[in-house]
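Engineer: Fold the following, please.
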Amino acid sequence: MSLIADTRAQLEATTLTSTSEVPHDEHHVQAEPPAFYSVIPFAALLLCIAFLPLIHKTEEWWEHNKNRLLVAVSLGLVTLLYYTFLYGHGVVDHGTHELSAPGFPAAIVVLKNALLVEYIPFIALLFSLYVISGGIAFNGHLVGRPALNTGIIAIGAAIASFIGTTGAAMLLIRPLLKANQKRNYVAHTVIFFIFVVCNTGGCLLPIGDPPLFLGFLRGVPFTWTLTLWPMWLAMNLSLLVIYFLYDTIRYKKENKENVEAIPETIEPFALRGGVNFLWLLLVIFCVALLDPSKPFPGTDWHAPHFFREVCMFLLAGISLLTTSKSIRKQNSFNYEAILEVAALFVGIFICMQAPVQILNVNGASLGIDSPWKFYWATGILSSFLDNAPTYVVFFETAKAAGTNGPAIAGVNEVSLVAISLGAVFMGAMTYIGNGPNFMVKAIAEKNNIRMPSFFGFMAYSCAVLLPLSVVLTFVFLL
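Structural biologist: Here you go, the predicted model:
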């Protein structure tokens, strides 16, 4: 689930990176993993997200964010009760790296790790990007033909590594939806937008996705990820070609007379709310420069904890004050989508502590000893868990295995390529694989686009992404 630290990705990447970072030796300090049944609340929450919207008796009930929050918090409480009464061991505090006492202190540390270390930075970044990007509007007559849609998604792929997947997604999703507002078939366009802009486009720089930023903190050179450009190009070009061909087929079923109808008053192309690009840039600087774990560049000063998040909330407030209300009205801006994400992910972050801890403890004993195994192990787990700690676990596993050739930060270079690509590319496998995925889904649904269910989305990702990953494995990792 990767969802942490992003423009969130850049922002995204950076945010969670610093805050959800798993200490190098944490899996050595933590002697005992939780029982495997401790993952039941996390699995139950995923099943609720997948099935409750599909069941007639619960469909309408699930649409209310207070009910989503009730389910998320209830299952999170079950996880905390497990750590209080059944686990019987201490838990490593991700902030102090100290081991707690068992019982109630362990549950408190789990809650602290989930909310203070991960959830607050995550939601602060997503909220600020959501609010600021909601103040940017594109005027003009846009027609969602296959070429235009492919072009918008391609732009997202090009900029995601530089402003983060979350930044790119929040900037481009509304123009894309506006261009397709008269089309009947739009869900597949949003799905490919999630594949590319929210995920596969962000692997060229550490600020593109959180796990890559964690690698940078562990000694991977900042520009090393640029060497991933052949894989980035192959994956994104393949997805764009597949999308263009598929959308061309779908476009033939549209009522072109209605879709391409020229309005009586043609609105000239214009950008409104351009000042918000400045606030977006400042959010990026907040994520990159106000990491409390590192000194501010050129100084010995460390930003206080949550100073970065306060700054991002302030920038969101400044955006609201400096943007005309008519722009947000034009974008049909409201807070429902971000509240949906906030309600569900508070439970996800708490419930996922157990499976992530199991992975931290047992990661080195999984028998993963070749690049293709690192790719698939990192990718599959990153589809359902936070890709940032998953990346760290396999980074340290590969480092401990030694090197038989060129090494980067003590890790075999080909294995590091595999871990990096698995964490970034496979975050597109599920709605929760990366923070922007669920956000884009929520925005699309608030614009009356019927998105596929959790497993419906996975049907697309398995049909498209898995074959491409197989090809990528044979071409680059064997």
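Engineer: Enumerate the positions of the biggest helix by length in the chain that are buried.
Structural biologist: Longest helix in the chain, counting residues (DSSP state H): helix 146-179. Buried residues in helix 146-179, defined by neighbour count with 16 or more other Cβ atoms under 10 Å: 146, 148-150, 152-157, 159-179. In this view, the C-beta of every residue, glycine as well, is placed from N, C-alpha and C.
Engineer: Same check on stretch 207-219?
Structural biologist: Within stretch 207-219, the residues scored as buried using 16+ other Cβ under 10 Å are 207-218.
Engineer: and the residues you listed, which of them are in helices?
Structural biologist: Short answer: the buried residues of stretch 207-219 in helices (DSSP H) are 210-217.
Engineer: can I get those residues in TSV with pLDDT?
Structural biologist: Shown next, in TSV, are those (pLDDT from 0 to 100):
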residue	pLDDT
210	73
211	81
212	85
213	75
214	71
215	82
216	78
217	64
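Engineer: now the residues you listed as CSV including distance to residue 450?
Structural biologist: CSV is the format used below for these (distance: Cβ to Cβ, whole Å):
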residue, distance to residue 450
210, 30
211, 32
212, 34
213, 35
214, 36
215, 38
216, 39
217, 41
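Engineer: Closest to residue 97 out of these?
Structural biologist: Nearest to residue 97 among those is residue 217, at 14.5 Å by Cβ to Cβ.
Engineer: Could you identify the helix or strand that succeeds the longest helix of the chain?
Structural biologist: Counting by DSSP states H and E, the next helix or strand C-terminal to helix 146-179 is helix 187-196.
Engineer: residues in contact with that following helix?
Structural biologist: Contact with helix 187-196 is made by 144, 149, 152-154, 156-157, 160, 169, 172-173, 176-177, 180, 236, 239-240, 242-243, 246-247, 250, 428, 436-437, 440-441, 444, 449-452, 457, 460-461, 464-465, as judged by Cβ atoms under 8 Å, 6 or more residues apart in numbering.
Engineer: so it versus helix 146-179, what angle?
Structural biologist: Relative orientation of helix 187-196 versus helix 146-179 (axes from the mean of the first three to the mean of the last three Cα atoms, to 10 degrees): 100 degrees.
Engineer: May I have helix 187-196 exported as PDB, CA atoms only?
Structural biologist: The C-alpha trace of helix 187-196 is given here as PDB (Å, rounded to 0.1, in the frame of the first residue of the first chain):
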ATOM      1  CA  ALA A 187     -13.500   4.200 -16.200                       C
ATOM      2  CA  HIS A 188     -10.700   2.500 -18.300                       C
ATOM      3  CA  THR A 189      -9.100   5.900 -18.900                       C
ATOM      4  CA  VAL A 190      -9.000   6.500 -15.100                       C
ATOM      5  CA  ILE A 191      -7.500   3.000 -14.600                       C
ATOM      6  CA  PHE A 192      -4.700   3.600 -17.000                       C
ATOM      7  CA  PHE A 193      -4.200   7.000 -15.500                       C
ATOM      8  CA  ILE A 194      -3.700   5.300 -12.200                       C
ATOM      9  CA  PHE A 195      -1.300   2.800 -13.700                       C
ATOM     10  CA  VAL A 196       0.900   5.400 -15.300                       C
END
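Engineer: For that helix, what is the distance to the chain centroid?
Structural biologist: Centroid separation between helix 187-196 and its chain, computed with Cα atoms, centre = their mean, to the nearest Å, is 14 Å.
Engineer: I'd like the average pLDDT over it.
Structural biologist: The average pLDDT for helix 187-196 rounds to 96.
Engineer: Distance of residue 185 relative to residue 260?
Structural biologist: Using Cβ to Cβ, to the nearest Å, residue 185 is found at 15 Å from residue 260.
Engineer: In this protein, where is pLDDT below threshold?
Structural biologist: Regions of the chain meeting the criterion pLDDT under 70 cover residues 1-31, 217, 363-364, 386, 402-403.
Engineer: Go through the helix or strand in which residue 280 is found and flag the buried ones.
Structural biologist: Using DSSP H and E, residue 280 sits within helix 275-289. For helix 275-289, burial by neighbour count (16+ other Cβ under 10 Å) applies to 276-277, 279-280, 282-284, 286-288.
Engineer: residues contacting the nearest residue to residue 144 once chain neighbours are set aside?
Structural biologist: In space, and not counting its chain neighbours, residue 144 is closest to residue 180: 3.5 Å by Cβ to Cβ, 6 or more residues apart in numbering. By Cβ under 8 Å, 6+ apart, the contact set of residue 180 is 144, 149, 186, 189.
Engineer: Looking at the residues you listed, which two lie furthest apart in space?
Structural biologist: Taking Cβ to Cβ as the measure, these span a maximum distance of 9.4 Å, between 149 and 186.
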